[in-house]
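Peer 1: Just to be clear, the model below is a prediction. Sequence and coordinates:
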Amino acid sequence: STPSPTQLALITPEPGQTGGEAGQADEGSQAEDSITATEFTVRLNDYLGSVGYLGVTEDTLRDLARAQVYREKINAYLVEEMPYPMTEQVWARHILVQPEGDKDVPDAIAEAEELVQLLAEGGDFGDLARERSDGPSGPNGGDLGWFERGQMVVEFEEAAFSGEVGEIVGPVETQFGFHVIQIIGKEMRPISENDFQQVVDSLLYDLLDGLMSDAEIVFTEGWEAMIPAEPVIPVLGE
C-alpha cells in the first residue's frame, strides 16, 4: 500500500524495505515446456522400460497422474473461491542496544533512555539507528518492514502492536537487549503468499481426509505379489 503522509513524514528520505508483499510475481519463473504427443510417447515408454521390473505399468502411472491432476484442480478451486485472508500488521523500525563487552545491563538501559531523549528532542531515528544500533537492521535505519503477530519475540510484539503510529516506544527489554521502537504504520494487510498457501494446503488436506474417511477404499487383489521378496534396486555405482 502507498504510505500515508504521516508515514512519509516519519521516514527519511524514502520508506525502507517493507517485507515480502503477498501476490508478488516471481520474475524468475517461466512457462513450463511443452512437448509433442510423439515425444511424450517416447519418454513414457523409456520410463516404463526403466521401472517395469518393479511392476509399474502405464495404468499405474495414469492412475497417479489422474490423482495429481485432481489434487491440483481442487487446490486451484480453493484458491479461487477463498477470499485472501487479512491480518493486522505493524510497520516499525527499532534501535537495539545490547549489553555486551564493557557495556553491562545498567549501561545498556542508560544508553537506550538517552536515545529516547534524543529522539524526543528531534533527533533523526534513521541516523541514530545507523550510528548506534547493535541489530542487523541498523544499516537500514532500523527498518523492520511490515510484520504480523507471531513473527517477533513476545515483548517486542506487545509493545509494537500497542503503540500508536508515530509513537516512540521503549526501552523494551527482550532476550536480545533493549529496543527503542518507532511505529511507522498499523493496518490490516494481506498475509504473505507463503502463509496463504499453507492455509490452502491445510484446507486441501482436511478435504481429502474427509473424502477418504467417507469413501469405501478397496485394495487391489494380489498387490502383495508386486512387492519383491528381495531388494532389486541396483547398488549405487553399478
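Peer 2: That came in fine, so what should we check first?
Peer 1: What residues of the longest helix seen in the chain count as buried?
Peer 2: Ranked by number of residues, the top helix in the chain under DSSP state H is helix 58-81. Buried residues in helix 58-81, defined by neighbour count with 16 or more other C-beta atoms under 10 Å: Ile74, Asn75, Leu78. Where C-beta positions appear, they are placed from N, C-alpha and C, glycine not excepted.
Peer 1: For the second one, give me its contacts.
Peer 2: This means Asn75. Val200, Asp201, Leu204 (C-beta atoms under 8 Å, 6 or more residues apart in numbering).
Peer 1: Of those, which qualify as buried by neighbour count?
Peer 2: Here, 16+ other C-beta under 10 Å leaves Val200, Leu204 buried among these.
Peer 1: Take the contacts of Asn75 and keep only those in helices.
Peer 2: Residues from the contacts of Asn75 lying in helices, with DSSP H as the criterion: Val200, Asp201, Leu204.
Peer 1: quick check, nearest of the residues you listed to Arg66?
Peer 2: Using C-beta to C-beta, Leu204 is the member of these that lies nearest Arg66, at 16.7 Å.
Peer 1: how near is that closest one to Arg71?
Peer 2: Here Leu204 is placed at a distance of 7 Å from Arg71 (C-beta to C-beta, to the nearest Å).
Peer 1: And Leu48, by the same measure?
Peer 2: Noted for Leu48: a distance of 23 Å to Arg71, by C-beta to C-beta.
Peer 1: Does His94 touch Gly126 like I think?
Peer 2: No. Counting by C-beta atoms under 8 Å, His94 sits too far from Gly126 to count as a contact (11.4 Å).
Peer 1: In terms of neighbours, single out the busier of the two.
Peer 2: Using other C-beta atoms under 10 Å, the more surrounded residue of His94 and Gly126 is His94, with 24 against 21.
Peer 1: Which strand residues bridge the more buried one?
Peer 2: Counting by DSSP bridges, His94 is bridged to Ile181.
Peer 1: Pull the contacting residues for it.
Peer 2: Residues in contact with His94 (C-beta under 8 Å, 6+ apart) are Ala129, Ser133, Gly135, Ser137, Gly142, Leu144, Phe156, Gly170, His179, Val180, Ile181, Gln182.
Peer 1: Can you tell me the element the residue nearest in space to the middle of the chain falls in?
Peer 2: The centroid of the chain falls nearest to Asn194 when counting by C-alpha atoms, centre = their mean (4.6 Å). Using DSSP states H and E, Asn194 sits in helix 193-214.
Peer 1: still on that earlier bit, how far does the longest helix of the chain sit from its chain's centre?
Peer 2: Taking C-alpha atoms, centre = their mean, to the nearest Å, one finds helix 58-81 lying 25 Å from the centre of the chain it belongs to.
Peer 1: Could you do stretch 196-204 as well?
Peer 2: 13 Å.
Peer 1: what stretches of the chain score poorly on pLDDT?
Peer 2: 1-10, 12-33, 81-84, 223, 231-238 (pLDDT under 70).
Peer 1: Would you map the helices across it?
Peer 2: Secondary structure of the chain (DSSP H): helices located at 5-10, 37-51, 58-81, 105-120, 125-132, 154-162, 193-214.
Peer 1: No further queries at this time; thank you.
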